[in-house]
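Asker: from the sequence below, what's the structure:
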Amino acid sequence: MLDIKFIRENPDVVKENIKQKFQEQKLPLVDEVIALDSQYRAAITEASDLRAQRNALSKQIGMLMGQAKKDPSKLQEAEAVKAQVKAQADRLAELEAQEEELAPKIHKILLQIPNIIDPSVPIGPDDSCNVEVERFGEPVVPDFPIPYHTEIMERFDGIDMDAAGRVSGNGFYYLMGDIARLHEGVLAYARDFMIGKGFTFCIPPFMIHGNVVEGVMSQTEMDAMMYKIEGEDLYLIGTSEHSMIGKFIDQILPEEKLPQTLTSYSPCFRKEKGAHGIEERGVYRIHQFEKQEMIVVCKPEDSMKWYDQMWKYSVELFRSLDIPVRQLECCSGDLADLKVKSCDIEAWSPRQQKYFEVCSCSNLGDAQARRLKIRIKGADGKMYLPHTLNNTVVAPPRMLIALLENNLQADGSVRVPMALRPYVGGMEILIPKH
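Answerer: Okay, here's the model as predicted:
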């Protein structure tokens, strides 16, 4: 969310940013919110003047009432001033009602205007314009066929989607045996990997209030992702970054406590609206999964440094598991409204012979901090807004696809990467049962 003062002083910049994000339908919002803000500030100014006048007139009434004891004519003068105070009170009530009406309208529009993107972001309407930056590791296509990921799991009696369908419907799964153990081993390895990078491990709440949801994401994302608890002001989290950033809502953090670097485990719940192709079935796009996440709250001048560091952690982790990856810079039209800059880390799929998304790293500038009223108290006593960033460490159901495909052997067994073996009881090879 942008500062209304910034919009007021830079309307052309805001409009050009909207155009670069290919959201021309939002252009009228800029003039609309500026007009509403002008009315709002005029009402506040007039109301403030009336309150000052009321205080002065109240003192005058008191003085005249005191004088009326000796001079009865002062009583009539006092009544005239009282009538003036009454008229101003009526006008003040009108202005206060106007303020109450305008404030939520302004806030609603501000929530819809996208954040200013970083100058380095490539311009394009959708993800087809995302730009590959760099590859890490050599993508390999083996000389034997690689089955679909659920078929690989079924060879180990590692997945039961039919039972999950009977219990919960489409988009759910049972992971079993060695595949379930591999899944949990990946999460435990990712946890320790981030702790080793100096991040504090956290298990956050898995449900959050509506004001936190509004603070961390756009309305479009919320409608497409979030499950609401019926009869409660609670939503199931779609990613733990929401409750992790929400941890600091309405807080004033001392500057010396920055940066806040946290890594969190959580289940995640998503509606995943829309039709998806065959490659997004199985456990690729599901309603429930588990994830290790990382977030950073830092000084504004440090946020781009952290952005670069965070996506590099993802590359390092995936390469430690022998998975080739690439960094893909997200274009302007593919950025959610709160994001200043974002990139995806994509893993190589030998079966598809292409890369697919496994991590998403984002710098949101001060947008979330402004919405959630997170402030930093500097050494000079002045307040300012921090920047917030987030990045996926691993989301194992999807990451398992890359892990299984890239470590599948010709005989159907799966080699366990060296770094992961201590987390799966020392197993070096998974032997299929079928």
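Asker: who touches residue 253 in this structure?
Answerer: Contacts for residue 253 (Cβ atoms under 8 Å, 6 or more residues apart in numbering) come out as 260, 297, 374, 375, 376, 377, 386. Where you see a C-beta, it was placed from the backbone N, CA and C, and this is true even at glycine.
Asker: name the helix or strand for it, please.
Answerer: strand 252-254 (DSSP states H and E).
Asker: residue 126: how many residues sit nearby?
Answerer: Counted with other Cβ atoms under 10 Å, the neighbours of residue 126 add up to 11.
Asker: you'd agree residue 357 is in a strand?
Answerer: Yes: according to DSSP: H, G, I helix; E, B strand; the rest coil, residue 357 belongs to a strand.
Asker: and stretch 333-341, how far from the chain's centre?
Answerer: 10 Å (Cα atoms, centre = their mean, to the nearest Å).
Asker: gap between the two ends of it?
Answerer: Terminal residues of stretch 333-341 are spaced 11 Å apart (Cα to Cα, to the nearest Å).
Asker: same question, stretch 218-235
Answerer: First residue to last in stretch 218-235 (Cα to Cα) measures 15 Å.
Asker: list the buried ones in it?
Answerer: Residues of stretch 218-235 classed as buried: 218, 222, 225, 226, 227, 234, 235 (neighbour count, 16 or more other Cβ atoms under 10 Å).
Asker: which one among these gets closest to residue 110?
Answerer: Minimum distance to residue 110 across the buried residues of stretch 218-235 is 11.7 Å, recorded for residue 218 (Cβ to Cβ).
Asker: skipping its backbone neighbours, what lies nearest that closest one in space?
Answerer: residue 337 (4.3 Å; Cβ to Cβ, 6 or more residues apart in numbering).
Asker: got it, and residue 424?
Answerer: residue 185 (4.2 Å).
Asker: and the one you found, which of the three is it?
Answerer: Under the three-state scheme (three-state DSSP), residue 185 adopts helix.
Asker: my read: it touches residue 419, true?
Answerer: No: Residue 185 is not in contact with residue 419 according to Cβ atoms under 8 Å; the separation is 10.1 Å.
Asker: ok, the two, which is more surrounded?
Answerer: residue 185 (21 against 15).
Asker: quick one: residues contacting the more buried one.
Answerer: For residue 185, the contacting residues are 420, 423, 424, by Cβ under 8 Å, 6+ apart.
Asker: could I get these as a markdown table with pLDDT and distance to residue 142?
Answerer: Output for these, formatted as a markdown table (pLDDT from 0 to 100; distance: Cβ to Cβ, whole Å):
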| residue | pLDDT | distance to residue 142 |
| --- | --- | --- |
| 420 | 97 | 20 |
| 423 | 97 | 25 |
| 424 | 96 | 23 |
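Asker: how about residues contacting stretch 366-384?
Answerer: 1-3, 111, 115, 212, 214-216, 245-246, 248-256, 258, 297, 299-300, 338, 340, 385-388.
Asker: pretty sure residue 387 sits against residue 364.
Answerer: Yes: using Cβ under 8 Å, residue 387 is in contact with residue 364, at 7.2 Å.
Asker: so for residue 84, what's the pLDDT?
Answerer: Residue 84 is assigned 67 on the pLDDT scale.
Asker: how about the one 10 residues further on?
Answerer: According to the predicted model, the pLDDT of residue 94 comes to 85.
Asker: cool, and residue 26?
Answerer: Reported pLDDT for residue 26: 97.
Asker: can you tell me the closest non-neighbouring residue to it?
Answerer: Residue nearest to residue 26 in three dimensions, not counting chain neighbours: residue 18, with 5.2 Å by Cβ to Cβ, 6+ apart.
Asker: look up which helix or strand that neighbour falls in, please.
Answerer: helix 11-20.
Asker: distance from the chain centre to that helix, please.
Answerer: On the basis of Cα atoms, centre = their mean, helix 11-20 sits 22 Å off its chain's mean C-alpha point.
Asker: I would like the residues contacting it, please.
Answerer: Residues from elsewhere that reach helix 11-20 (Cβ under 8 Å, 6+ apart): 2, 6-7, 24, 26-27, 30-31, 34, 113-114, 116-117, 123, 332.
Asker: and what of stretch 300-312?
Answerer: Under Cβ under 8 Å, 6+ apart, the answer for stretch 300-312 is 118, 258-259, 294, 296, 298, 327, 341, 343, 345, 359, 361, 363, 365-366, 384-387, 389, 391.
Asker: buried only: go through those for me.
Answerer: Using 16+ other Cβ under 10 Å as the burial test, these include 118, 258-259, 294, 296, 298, 327, 341, 343, 345, 359, 361, 363, 365-366, 385-387, 389, 391 as buried.
Asker: in strands only, show me these.
Answerer: 294, 296, 298, 327, 341, 343, 345, 359, 361, 363, 387, 389, 391 (DSSP state E).
Asker: report the beta-bridge partners for the last one.
Answerer: Counting by DSSP bridges, residue 391 is bridged to residue 294, residue 361.
Asker: also the third one?
Answerer: Assessed by DSSP bridges, residue 298 has beta-bridge partners residue 387.
Asker: contacts only, for it.
Answerer: Contacts of residue 298 by Cβ under 8 Å, 6+ apart are 258, 259, 260, 306, 386, 387, 389.
Asker: pLDDT score assigned to it?
Answerer: For residue 298, pLDDT reads 98.
Asker: same deal with the fifth one?
Answerer: For residue 341, the pLDDT comes out at 98.
Asker: state the distance from it to residue 12.
Answerer: As judged by Cβ to Cβ, to the nearest Å, residue 341 and residue 12 stand 22 Å apart.
Asker: that concludes my questions; thank you for your assistance.
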